[in-house]
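Novice: Build the 3D model from these lines:
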Amino acid sequence: MERLIEITTVPIEIQMKIKNAKLDYKRSTVDLEISKDQGGLKIHSKPIRLQIDTFEARNSVCPTAMRSIEQAAQKGTQKVYDTMATYARRGDLLLEAKIGEQLISQFAMESQQVNTDFAMQFLPSAVPDISWEDSELSIRYEMDKLNFDWRMNEGKFEFIPGDIEFSVTQQPDVIIKYVGSPLYVPPSSDPNYEPVDVKA
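Specialist: Prediction:
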C-alpha cells in the first residue's frame, strides 16, 4: 500500500549565553596639589656714618653762656688763690722785715707792675671729635619653594555577578505532508483509472 502522509517534526532550538562572574578592582586615585612660595633676593646696605663733634672747638672760639660762666668761675677761683698766696707771702715778709726796710713801697711797686708775659695761641684750641661707624652690607637670597600636597583615595573591589541568558532561535513544529496521489470522485474520472473486476 502506498504511503499517503509524510510527517516531519522540527525540534526546538535554544541558544544559551553564559557570562561569567568577575571581580573588578578599581585602583585608588591620587590628587596632587602643587603650590609655590615665592622667594627673592634681599639686600640691606648701611653706608659708613661719620660723626664730627665740634662742640669743644666752637667753645674754644666762642663759648656758650654756660661755658663762659664756668670759665669765669674758674678764673675767679684761681685769682682768689693767687691773691691769697700774694698776701701770705707779703705777710711772711712783714714778719721777717727788719727796721728800716721799705717793704710797703716795694709792695706798691709790685702791684703797679704790668704782666708783659704773653703766649701765642691758635684758635680753636680744641680739635673736633671725629668718630665713625663701619658700613654694613647683607645679602639674603631665598629660592622659590614648591609644596606638594598628595591626596590618595582608597581603592575598592566591585563584584559583577554572572548571568545566563536563554533565547529560543527556533520554535518546535510538526509538518504533515500528503505525499499520495490525488483522489478523484468519482474514481472513473481518474485518467489512469482502471476498472476493478469484481467476480461474483
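Novice: Please make it C-alpha for all contacts and neighbour counts, starting now.
Specialist: Noted.
Novice: Helix or strand with the lowest mean pLDDT in this structure?
Specialist: Counting by mean pLDDT, DSSP states H and E, the chain has its least confident helix or strand at helix 103-112, which shows a mean of 65.
Novice: so what secondary structure elements neighbour the helix or strand just after that helix?
Specialist: Per DSSP states H and E, helix 103-112 leads on to strand 129-133 as the next helix or strand towards the C-terminus. Secondary structure elements in contact with strand 129-133, counted by 3 or more C-alpha pairs under 8 Å, 6 or more residues apart in numbering; DSSP states H and E, are strand 49-53.
Novice: Bridged to the most centrally placed residue in the chain, which residues?
Specialist: Central residue of the chain (C-alpha atoms, centre = their mean): Asp37, 3.8 Å from the mean position. Residues in a beta bridge with Asp37, per DSSP bridges, are Lys145.
Novice: what distance separates the host helix or strand of Ile69 from the centre of its chain?
Specialist: Ile69 is part of helix 65-95 when elements are defined by DSSP H and E. With C-alpha atoms, centre = their mean, to the nearest Å as the basis, helix 65-95 stands 77 Å off its chain's centre.
Novice: average pLDDT across it?
Specialist: Averaging pLDDT along helix 65-95 gives 79.
Novice: circling back to that earlier point, quick one: the residue nearest to the centre of the chain from Asp144, how far?
Specialist: 6 Å (C-alpha to C-alpha, to the nearest Å).
Novice: what's the answer for Phe166, then?
Specialist: 67 Å.
Novice: got it, and Tyr178?
Specialist: Taking C-alpha to C-alpha, one finds Tyr178 at 99 Å from Asp144.
Novice: just Glu154 next, same as before
Specialist: Applying C-alpha to C-alpha, the value for Glu154 to Asp144 is 32 Å.
Novice: try Pro187
Specialist: Counting by C-alpha to C-alpha, the gap from Pro187 to Asp144 is 117 Å.
Novice: One more: Gln71?
Specialist: Counting by C-alpha to C-alpha, the gap from Gln71 to Asp144 is 67 Å.
Novice: and Ser60, that one's in a helix?
Specialist: Yes - counting by DSSP: H, G, I helix; E, B strand; the rest coil, Ser60 is found in a helix.
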